[in-house]
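**Student:** Sequence and predicted model, in that order:
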Amino acid sequence: RPVGAATSGLHGYYRRNVEARRRREQRDAAEDGGRAQAVSLSGQSYWLDLWLFVLFDLALFVVIYLLP
């Protein structure tokens, strides 16, 4: 797989993670025969992870650079 600007860094990590989760859900649904419909939280999880990462970064910035 070529590594370019769209698939590098943090965005690429989350993108690959969401794609892998989607493939896993499709595989599980195919193995189940489509009997059970799983609730997909991948979009919500992505935004939650992103906001937690940003908040953690800001807190770390304040502690390291602004407090001492």
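**Tutor:** The structure has been received and is ready for your questions.
**Student:** Regarding this protein, what is its longest helix?
**Tutor:** Counting by DSSP state H, the longest helix found in the chain is helix 9-32.
**Student:** next helix or strand past that helix?
**Tutor:** Next helix or strand after helix 9-32 toward the C-terminus (DSSP states H and E): helix 42-61.
**Student:** what about dumping the CA coordinates of that next one to CSV?
**Tutor:** What follows is helix 42-61, C-alpha atoms only, in CSV (Å, rounded to 0.1, in the frame of the first residue of the first chain):
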residue,chain,number,x,y,z
SER,A,42,-17.2,3.6,14.7
GLY,A,43,-18.1,7.2,13.8
GLN,A,44,-18.8,8.2,17.4
SER,A,45,-15.8,6.4,18.6
TYR,A,46,-13.6,8.2,16.1
TRP,A,47,-14.8,11.7,17.3
LEU,A,48,-14.5,10.8,20.9
ASP,A,49,-11.0,9.5,20.5
LEU,A,50,-10.1,12.7,18.5
TRP,A,51,-11.5,15.1,21.1
LEU,A,52,-9.9,13.2,24.0
PHE,A,53,-6.5,13.3,22.2
VAL,A,54,-6.9,17.1,21.6
LEU,A,55,-7.9,17.7,25.2
PHE,A,56,-5.0,15.6,26.5
ASP,A,57,-2.6,17.5,24.3
LEU,A,58,-3.8,20.9,25.5
ALA,A,59,-3.6,19.8,29.2
LEU,A,60,-0.1,18.5,28.6
PHE,A,61,0.9,21.8,26.9
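**Student:** helices or strands next to it in the packing?
**Tutor:** Applying 3 or more Cβ pairs under 8 Å, 6 or more residues apart in numbering; DSSP states H and E, one finds that helix 42-61 contacts helix 9-32. All C-beta atoms are positioned from the backbone trio N, CA, C, and that covers glycine.
**Student:** The helix it packs on relative to helix 42-61, how many degrees between them?
**Tutor:** Orientation note: helix 9-32 sits at an angle of 150 degrees relative to helix 42-61 (axes from the mean of the first three to the mean of the last three Cα atoms, to 10 degrees).
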